[in-house]
Structure formats: structure tokens, C-alpha cells
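**Q** Just the structure for this:
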Amino acid sequence: MVWNRTTHLWNDCEKIIHQRTNTVPFDLVPHEDGTGVAVRVLKPLDSADLGLETVYEKFHPTIQSFTDVIGHYISGERPKGIQETEEMLKVGATITGVGELVLDNNSIRLQPPKQGLQYYLSSQDFDTLLQRQESSVKLWKILTVIFGFATCATLFFILRRQYLHRRERQRMKQMQEEFRQHEARVLRAASAEERETLKNACVVCLSSTKSCVFLECGHVCSCSECYQALSEPKKCPICRQEIVRVVPLYNS
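**A** Coordinates of the predicted model:
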């Protein structure tokens, strides 16, 4: 027989203020009579799913004096009352035990497994208990697959974004290198006067003079007309950094 008595303090949250447990060793016997086989149950309160039946339950409202009201107002707690509950595993109850069986002299003991496995004393039959555990395992498998798929999808998205960003940087670096090579070839083929003109020419139209300073990158590479023609969001033609503001360039 197992008897458990618990006293609760009801507030905005539930708090156990007193708990008393009495345990009496008991035996599990099969339904068939005359077999003479009994299993002694050890540590029943260590088991999972021990279905204790409520045999007594009463709520005691709190009677507060003026001093109690002041004290509760200061502490921020206002108890509603005390819930008193008694639970018991009655004699003759049908129990299914799953644990470690130990043969001690002429007696058989059921105790928690030493390997840390779950210990069960349940009011359900073995098949129902087994189906419930299998359902729980299936649920965890489904959750594992879902979380694994979500993790793989997130990792793929991050890697793909990094790959596209890296490829864009490589493309821009290649374009800058090609632009510098082309500019160097043009300067080598031009006369001294044309070289001075090309150095100050807009990199977009190559006809107007550079007249804009792009910030925050600081490049001077475009005329005002070509800057206005850039698509939104406007980016520097040299480094592809977003243009925050433009400062006019004055040559004296």
C-alpha cells in the first residue's frame, strides 16, 4: 500500500508547503489463483506513471486579518487558501510493473533498473503501456526529422547566401581589374593631352568630366548626369558600395 498526503499553498502559483509520504511494502500477484508466485515491489515512488487515487481533497480558504492584509500588500503575495489532498494506492488495485527483476533467496523483487532505464508502475495493462511508449518514440522521431530538415534548410540557405556573396565579390573584383587594364591600354595609346582628358573623364560615359564624390566610399568617378542615371539603390561603379550621399567636385 502506498499513501501520499500533500498540502498546497494556492497563490498566483502553486507551492507545496508540506508533503508527507508513507510507503508500505506490497506484492504483485498474478490474476490466477493458486500459483504461489508474488513479486515484492521496491521503491514504488521512484517509478513513473504511478496512478494514485485521490481519497481526500479539501480547500481551506484563507481568513485574513487586517495585519495579514497589510503584510500581504507589502510582500506582494496574497494567498487564496490551502488545498489539502490525499492520494493512495488501494489494496487490490491492478498494477503493471516494468523494471528489473531480482531473485533474492526465495523471493522475487521488482526494483528500478541499475542502467538508468525507466521504471514503471502503471494502472494500464502492458500492451497499452507499450503502445503509449511507441507513440512517444514515433513523436520524437518525427520531431527529430522536422528539426533536422529545418537545420539542413537553414544551413543550406546560409551557405548559398555566402556563396552568392563571394561570387559577387569575385565578379566585382574581376570587373575592376578589367577596367584598370582597359584604362591603362587607353592611356598608353593616347597622346599627352588626351591622357590628361581621359584621367578626368567619367568612367561611365567617358565623355563628361568627373564632378561627383561618392560617400562613404570616397570614389571620384562619375559626372552628375551619369549619377542621376544610376538605378536604385545607387551604387558606386567602382566598388559597388551603396552611395549614401554625393558631394559636388569643383576643379580650380
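**Q** only C-alpha atoms for contact and neighbour calcs from this point on.
**A** Will do.
**Q** just the strands in the stretch 151-252 of the chain please.
**A** Remark: strands assigned in the stretch 151-252 of the chain by DSSP state E, counting those that start in this stretch are 212-215, 245-248.
**Q** which other helices and strands contact the last one?
**A** Where contact means 3 or more CA pairs under 8 Å, 6 or more residues apart in numbering; DSSP states H and E, strand 245-248 is packed against strand 212-215.
**Q** for the record, mean pLDDT for the strand it packs on?
**A** Throughout strand 212-215, pLDDT has a mean value of 84.
**Q** what's next to it, contact-wise?
**A** Strand 212-215 has contacts (CA atoms under 8 Å, 6 or more residues apart in numbering) with 219-224, 227, 236, 243-249.
**Q** Return the member of those nearest to residue 168.
**A** Nearest to residue 168 among these is residue 236, at 14.5 Å by CA to CA.
**Q** right, and the closest one touches residue 242 too?
**A** Yes - using CA atoms under 8 Å, residue 236 makes contact with residue 242 at a distance of 6.3 Å.
**Q** So which of those two has more stuff around it?
**A** It is residue 236, of residue 236 and residue 242, that has more neighbours when counted by other CA atoms under 10 Å, with 22 against 16.
**Q** And the more buried one, what's its pLDDT?
**A** In this model, residue 236 is scored at 84, pLDDT.
**Q** How about the one 5 residues further on?
**A** According to the prediction, residue 241 has pLDDT 83.
**Q** residue contacts, it?
**A** When contacts are counted by CA under 8 Å, 6+ apart, residue 241 is found next to 217, 235.
**Q** what are the phi and psi values for it?
**A** Recorded main-chain torsions at residue 241 are phi -80, psi 140, according to degrees, to the nearest 10.
**Q** now residue 113: how far from residue 28?
**A** Separation of residue 113 from residue 28 (CA to CA, to the nearest Å): 17 Å.
**Q** And those two? Which one has more around it.
**A** It is residue 28, of residue 113 and residue 28, that has more neighbours when counted by other CA under 10 Å, with 18 against 13.
**Q** what's the helix or strand for residue 63?
**A** Under the criterion DSSP states H and E, no helix or strand holds residue 63.
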